[in-house]
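# coords below, sequence missing:
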């Protein structure tokens, strides 16, 4: 277990590499996952540092990361994790969150009124984590990912899905809606709203905005800020990240 933690930590902090010149498309920084998959036999690493504040509680992820690998045409596998620091009620916990493994399959390309479509499935593995963040149950999730091309520089994306909570095994329903517009070949603006809801509960709704900057064809920098809205607790967050393709 100690060897696994060391390997994960080393991988999460790996931000520099030599990469081939290819156009990059990322799932980060927002909650809306793109239908695009990684090309066969290529790896994409999407890393970020985040800060979240809810009342007096503070949470840092330093960093979080998604490792994506194209296994064959239209399909990728992925591993997600984060090193988390929690400050709550004058207590502090730190360590690696449960590892998430998953796969994405691209179903169809955008054509007319039919959006670009993909299916994403993943599961959180409760015992692949530090003691402070281990969960009682596995937490599977499945999402349908869609994106419409409004113009050559603008897109509308959305996700619909369900996740079974690790604490209760109850289903939690997920929606996301995201719009992006490319100001230049290198700069893109993104606005998003998303929410999570259990049956007979108010949805926890959030909105955010992000700026994406393409450093090279295979490397992208992003920054995002957001806040919970409507019936949700007062929560604010900011994140900065770097993604690159090998």
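Sure thing, it's come through. This one's a predicted model, so the numbers in the text were calculated from it and none came from an experiment.

# Now do the strands in this protein.
43-54, 57-72, 75-88, 91-96, 99-108, 116-125, 139-149, 154-164, 171-182, 187-198, 204-216, 219-229, 235-245 (DSSP state E).

# Against which helices or strands is the longest one packed?
Here strand 57-72 is seen to pack against helix 2-12, strand 43-54, strand 75-88 when contacts are counted using 3 or more CB pairs under 8 Å, 6 or more residues apart in numbering; DSSP states H and E. Where you see a C-beta, it was placed from the backbone N, CA and C, and this is true even at glycine.

# show me where pLDDT drops low in this structure?
Low-confidence segments of the chain (pLDDT under 70): 1-23, 231-233.

# Next one: the most far-flung residue of it relative to its centre from residue 56, what distance?
Distance from the centre of the chain peaks at residue 90, with 28.8 Å (CA atoms, centre = their mean). For residue 90, the distance to residue 56 (CB to CB, to the nearest Å) stands at 9 Å.

# Count the neighbours of residue 71 for me.
Residue 71 is flanked by 13 other residues according to other CB atoms under 10 Å.

# Might you report the residue contacts of it?
If a contact means CB atoms under 8 Å, 6 or more residues apart in numbering, then residue 71 has 40, 77 as its contacts.

# now do 6 Å
Residues in contact with residue 71 (CB atoms under 6 Å, 6 or more residues apart in numbering) are residue 77.

# separation between residue 80 and residue 101?
Taking CB to CB, one finds residue 80 at 8 Å from residue 101.

# the more surrounded of the two?
residue 80 (19 against 15).

# How about the contacts made by the closest residue to the more buried one other than its chain neighbours?
Excluding the flanking residues, the one nearest residue 80 by CB to CB, 6 or more residues apart in numbering is residue 100, at 4.0 Å. Residue 100 makes contact with 80, 122, 124 under the criterion CB under 6 Å, 6+ apart.
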